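1. What shape does this take:
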Amino acid sequence: MSIHSLSVDSSPVRATTTVVPPSSQTPSFIIDSKNKSYKHQYSNIYFLRLHALREHVEKSAATRWTNLPGNPSFVPRVLEVQPSQLCYIVGTVYMDMPLKPNVMDDIARDHSIPPPPPPPYYYSDEDQVMMEDESGRIQLVGDRIKSEKLVTGLIIGALGMETPDGKFEVADICYSDLAPQSQSPVKEQEDKMQVDTTPNLQDSPTDEWIGAISGLNIGSPSPSDGQIQMLVEYLTGEEGGLNDQISASQVSRLIIVGDSMAPMLVTGKGEADAEGDSRKSRKFVYDGTTFSSHPTLIFSGHLLDIGRVMPIHLLPGESDPSGIILPQQPFPRAMFGAVSSFPSFACETNPTYLGLSSNCAPLSRTLLLHSGQPINDIFKYLPSPPHTGLSVVESTLKWRHIAPTAPDTLWCHPYFTGDPFIIKETPDLYIVGGQKKFATKLVTEEDKRCRIVLVPDFSKTGILVLVNMRTLRVKILRFRGEGMTGGMADGEDLQTAESSAPDAMPLVEPESSVPHSSDSSKIL
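-> Model prediction:
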């Protein structure tokens, strides 16, 4: 009797990571019933921010300027500065910008006339930079001010002296710099391992990767349904050969960083469309003739397909049906149908902290995630170029604040007891969605390091970003096919995503490709 060997299933096994409780230095952005109040003044946030960050800025300033020629002294109140005396002060930046929206102008405006469209940016030659604290306000001047990234809400230290006309001429500026980074026993073991900074570092087949996408824009006039379906099939291992399935199996979880659904135009019943001959008065009410639930149903179907094979973390974004003020609260799970019953499906706040532990190596990572509104708002204060997305995100780490322009030009909750947007612990991975281009950089300072990743709109670029949990290396997969409306234009090079950011890490050798996807994978 012949013995036939049994066939063995050689399909790859999905890599896994575990969510770990965040530390006390990574606050929750959930607004509970006790704090859901709008009776407090927004000015209180600035005092809380100054009180929390003043000590760190003073320490940084003393280290930087104490031994300078002229022996500059520290003046604790901005209105106590003495004329022609070299000193340094600490306070909150306020940008007096004529183009910036002003609520008092809105109140005084004639409401019978439609308001002008909001400007795309706020900066102009008439801008003035102020520094204020509990005692009062003083104007900052000088060439150093013009070359620095300054926005309303920053806590900075300024070195200089008062001029005869009562202004403060600035010679140098300092910030809090990077916040401490936790050094648990797990972290100490991790530091003995090879990391991203090691030359010629190679990825291991056992490494776990996490995926990040943003800007699916399901339901937009120019949908990227083909690319999204290719993305779902890749993540679920239904696309490509064995090598592609092995690559997909290393993705342990997916993070969706905002703008999953296109913004809806809610109009009054019977209103003519944009091309109609007439337009009735707009009524912001539900209209069954124009409203469609298909985007939510389509998105729920994709989440269900992906949720069967890996955990999903979903953040709301600017275009999503969620509250507009920061922090945006989690989506109601029930709106996504069957996937809501999966314990591995998590609706997160925007922004949010996430702790992940690797199962193949003794390490854990702290992730800071948000959908990009703070960065996009900061860009309204700064000319670009020379400023880039990478440089602005890196600056938020050195400022120790996620959203300094809130609540001045970025809507946020009127917190009374603390400012949750302060970065008390430097994360290992800082992912920002809703950006125009992909870019990444590893920021290091002494024993602290943080990988910054800017995630572009998937509907425009077809890019899925993958981050190695062990090494913090990054690779990108691009999904696009012939005749598809989404994704980059034919012939556009992925390296253009780095061209505007010279401080980004260079692109290196391409990895395995995804079927029907040109230039599908590059590693950083």
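2. just checking, what packs against the lengthiest helix in the chain?
-> Ranked by residue count, the top helix of the chain under DSSP state H comes out as helix 43-65. Packing partners of helix 43-65 (3 or more C-beta pairs under 8 Å, 6 or more residues apart in numbering; DSSP states H and E): strand 73-74, strand 87-96, strand 155-162, strand 168-174. C-beta coordinates here come from the backbone N, C-alpha and C atoms, glycine included.
3. Now that helix: buried residues?
-> 45-46, 48-50, 52-54, 56-58, 60-61, 64-65 (16 or more other C-beta atoms under 10 Å).
4. again, but for stretch 384-393
-> 388, 389, 390, 391, 392, 393.
5. Take these and lay them out in CSV including distance to residue 84.
-> Formatted as CSV, the buried residues of stretch 384-393 follow (distance: C-beta to C-beta, whole Å):
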residue, distance to residue 84
388, 38
389, 41
390, 40
391, 35
392, 35
393, 39
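6. May I ask which helix or strand encompasses residue 456?
-> If you go by DSSP states H and E, residue 456 is part of strand 448-456.
7. gap between that strand and the chain center?
-> Distance of strand 448-456 from the chain centroid (C-alpha atoms, centre = their mean, to the nearest Å) equals 9 Å.
8. again, but for stretch 470-483
-> 19 Å.
9. buried ones in that stretch?
-> For stretch 470-483, using 16+ other C-beta under 10 Å, the buried residues are 470, 471, 472, 473, 474, 475, 476, 477, 478, 479, 480, 481.
10. then that stretch to PDB, C-alphas only?
-> The C-alpha coordinates for stretch 470-483 follow below in PDB (Å, rounded to 0.1, in the frame of the first residue of the first chain):
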ATOM      1  CA  ARG A 470      10.900  47.300  15.300                       C
ATOM      2  CA  THR A 471      13.000  49.600  13.200                       C
ATOM      3  CA  LEU A 472      10.600  52.500  12.500                       C
ATOM      4  CA  ARG A 473      11.500  52.200   8.900                       C
ATOM      5  CA  VAL A 474       8.900  53.300   6.400                       C
ATOM      6  CA  LYS A 475       7.800  51.900   3.000                       C
ATOM      7  CA  ILE A 476       4.900  53.100   0.700                       C
ATOM      8  CA  LEU A 477       2.700  51.000  -1.500                       C
ATOM      9  CA  ARG A 478       0.900  52.800  -4.400                       C
ATOM     10  CA  PHE A 479      -2.300  51.400  -5.900                       C
ATOM     11  CA  ARG A 480      -3.200  52.400  -9.300                       C
ATOM     12  CA  GLY A 481      -4.500  50.900 -12.600                       C
ATOM     13  CA  GLU A 482      -5.000  51.900 -16.100                       C
ATOM     14  CA  GLY A 483      -7.900  54.200 -16.600                       C
END
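11. Can you name the residues in contact with stretch 339-349?
-> Contacts with stretch 339-349, where a contact means C-beta atoms under 8 Å, 6 or more residues apart in numbering, come from 19, 28-30, 253, 300, 303-304, 307-308, 310-315, 327-334, 336, 354, 369.
12. Actually, stretch 153-160.
-> 46, 49-50, 53-54, 57-58, 60-61, 65, 68, 72, 86-93, 131, 140, 142, 150, 168-176, 399, 401, 403-406, 408.
13. Mind checking which of those residues are buried?
-> 46, 49-50, 53-54, 57-58, 60-61, 65, 72, 86-93, 131, 140, 142, 150, 168-176, 399, 401, 403-406, 408.
14. re earlier: tell me which two of the buried residues of stretch 384-393 sit farthest apart.
-> 388 and 393 (9.1 Å; C-beta to C-beta).
15. Cross the contacts of stretch 339-349 against helices and list the overlap.
-> Those of the contacts of stretch 339-349 lying in helices (DSSP H): 300, 303, 304, 307.
16. Helices of this structure, start to end?
-> Counting by DSSP H, the helices of the chain are 43-65, 103-108, 143-146, 185-191, 225-235, 242-249, 294-307, 373-378, 389-399, 458-461, 496-499.
17. so which of these comes closest to residue 121?
-> helix 373-378 (10.6 Å).
18. rewinding a little: list the helices and strands the strand holding residue 456 packs on?
-> strand 209-213, helix 389-399, strand 429-435, strand 439-445, strand 463-468.
19. tell me the angle that strand makes with strand 463-468.
-> 160 degrees (axes from the mean of the first three to the mean of the last three C-alpha atoms, to 10 degrees).
20. Pairing partners for strand 448-456, with directions?
-> strand 429-435 (parallel), strand 439-445 (antiparallel) (DSSP bridges).
21. Could you report the neighbour count for the nearest residue to residue 100 once chain neighbours are set aside?
-> For residue 100, ignoring the flanking residues on the chain, the nearest one in space by C-beta to C-beta, 6 or more residues apart in numbering is residue 122 at 4.5 Å. A total of 22 residues lie near residue 122 under the criterion other C-beta atoms under 10 Å.
22. ok, residue 122 - contacts?
-> Contacts of residue 122 (C-beta under 8 Å, 6+ apart): 95, 97, 99, 100, 380, 381, 409.
23. roughly how far apart are the fourth one and residue 400?
-> Going from residue 100 to residue 400 by C-beta to C-beta, to the nearest Å gives 24 Å.
24. so what's residue 44 scoring on pLDDT?
-> The score at residue 44 is 89. That number is its pLDDT.
25. repeat for residue 427
-> 95.
26. Was I right to think it contacts residue 366?
-> Yes - counting by C-beta atoms under 8 Å, residue 427 touches residue 366, with 4.6 Å between them.
27. list residues touching both of those two?
-> With C-beta under 8 Å, 6+ apart, residue 427 and residue 366 have common neighbours 26, 353.
28. which stretches of the protein have low pLDDT?
-> Within the chain, the segments meeting pLDDT under 70 span 1-11, 109-110, 183-202, 264-293, 360-361, 482-524.
29. Contacts only, for the residue positioned nearest the centre of it.
-> Centroid check for the chain by C-alpha atoms, centre = their mean gives residue 432 as the closest residue, at 2.6 Å. For residue 432, the contact set (C-beta under 8 Å, 6+ apart) comprises 257, 369, 370, 371, 372, 375, 389, 393, 452, 453, 454, 455.
30. repeat for residue 176
-> 53, 56, 57, 60, 155, 398, 399, 400.
31. for these, which one is nearest residue 321?
-> Distances from residue 321 to the contacts of residue 176, taken by C-beta to C-beta, are shortest for residue 399, at 31.1 Å.
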